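>>> Here is my input; please provide its structure:
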Amino acid sequence: MRTTTGWRANSPTTLRRASLNRRDLRPDDLTVRIDYCGVCHSDLHALHDYDQSADAPLVPGHEFTGVVTETGPEVSAFTVGDRVAVGNIVDSCGICAMCTAGQENFCHSFPTLTYGGTDRQDGSTTLGGFSRDYVVRDTFAYPLPSGLDPATAAPLLCAGVTVWEPLRSLGVVPGTRVAVAGLGGLGHLAVRMAVALGATTTVISRTPDKRDDARRLGAHDLVDSTDTRQMAATRDTFDVVIDTISAPHDLAPYLKLVALDGTLSLLGHLGPVTVEATDLLVGRKKLSSAGSGGRRSTAEMLRFCADNGIAADIEVLPSAQVNTALDRLRRNDVRYRFVLDMSDLD
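All right, here's what the predicted structure looks like:
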């Protein structure tokens, strides 16, 4: 067992600095010095739901970049000094139908999550990337392309791949009409990726003052979701609607925007939803969802972002300000992703 320093749950709203245990390297492991870690809404949810009487600590953080500092004897794809990225999945069974299809994110026995997961070998609870070092199986670390800045790339490993997965699986190509509902951590990357794929891209937002931001990101237009006339004018328009809104909301207005045989992909709010069958029937519309991405998709996404100059809009804070970041995220006071600089943990 080895130790590192990080930020663990102290209450349902705050983290405190603490010493953390990491496993000794297995033959196919890497030790990664974490330089930058994004702050995700999932971190807020995990913190809110954390049982302080639990035996295992909660250390959030599942989208990070850093440098390899040590390798196990069976590792051949990485060497000390390599820049790497790690996302929200750090292992899977490797043998089920989903894993063999390259969709480890849908592993039948559930993928091992970067934090709050169960290690497949020793049964311990995984501790996340709000820390200085992380030990990870080599096949779930990704080379960070030279064209990507490690700070702005960190959110690509969760927010980025989460929107990349449906854009690719739904066949977005030049000429596809895409709408992105919600312009936040997920939404702004969905816009950038859709535009880079050649799609005619529109933002749907209840905040019309984000119009300039939407156009800066490459969107062709912004539709005010609170304006019934604007929403009616875009009925049956979009081949793909990427819904990144994190709060519970009525899907009916967004299904009305979907074109004949088009799809609404629900990514932000993953709780129960109610849908009228006729909202799907009229226009043969489809409702889908997606979550994270497998190894193949994640590597492809990183290469695409490097080739097309895609990165997250971030605000970097020293990790000591993690509670400030979480508090501001609760109030949606960020455009569009916080990233923690972990160097102050040395």
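
>>> State the helix or strand in which the nearest residue to P27 once chain neighbours are set aside lies.
Spatial nearest neighbour of P27, excluding adjacent residues (C-beta to C-beta, 6 or more residues apart in numbering): E74 at 4.0 Å. Every residue, glycine included, has its C-beta placed from N, CA and C. For E74, there is no helix or strand it lies in under DSSP states H and E.

>>> Can you list phi and psi of F130 for me?
Main-chain dihedrals, F130, degrees, to the nearest 10: phi -80, psi 60.

>>> quick one, what contacts the closest residue to it other than its chain neighbours?
Among residues not flanking F130 along the chain, G61 sits closest, at 3.8 Å (C-beta to C-beta, 6+ apart). Contacts for G61 (C-beta atoms under 8 Å, 6 or more residues apart in numbering) come out as 7, 34, 37-39, 43, 114-115, 128-131, 340.

>>> tell me the pLDDT at D51?
On pLDDT, D51 comes in at 87.

>>> mind checking how far it is from H249?
D51 sits 29 Å away from H249, going by C-beta to C-beta, to the nearest Å.

>>> Neighbour count for the two, which is higher?
Using other C-beta atoms under 10 Å, the more surrounded residue of D51 and H249 is H249, with 18 against 10.

>>> Before we go further, the more buried one is sitting in a helix, right?
No: H249 is assigned coil when assessed by DSSP: H, G, I helix; E, B strand; the rest coil, not a helix.

>>> which ones are touching the residue nearest to it when sequence neighbours are not counted?
In this structure, H249 finds its nearest non-sequential neighbour in H269, 6.7 Å apart by C-beta to C-beta, 6+ apart. By C-beta under 8 Å, 6+ apart, H269 lies in contact with D243, I245, S246, A247, P248, H249.

>>> Go again with 10 Å.
G182, D243, T244, I245, S246, A247, P248, H249, L251, S289 (C-beta atoms under 10 Å, 6 or more residues apart in numbering).

>>> What's the ChimeraX line that selects buried ones from those?
Selection of buried members from those for ChimeraX, criterion 16 or more other C-beta atoms under 10 Å:
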select :182,243,244,245,246,249,251
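
>>> Turn the contacts of H269 into CSV, columns for distance to L326.
As requested, the contacts of H269 are exported to CSV (distance: C-beta to C-beta, whole Å):
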residue, distance to L326
G182, 20
D243, 24
T244, 20
I245, 20
S246, 15
A247, 17
P248, 21
H249, 23
L251, 28
S289, 26
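
>>> phi, psi of the residue nearest to D221 when sequence neighbours are not counted?
Of all residues not flanking D221 in the chain, T202 sits nearest, at 4.8 Å (C-beta to C-beta, 6+ apart). Here is the backbone geometry of T202 (degrees, to the nearest 10): phi -130, psi 140.

>>> Name the residues linked to T202 by a beta bridge.
Beta-bridge partners of T202, counted by DSSP bridges, are A179, D221.
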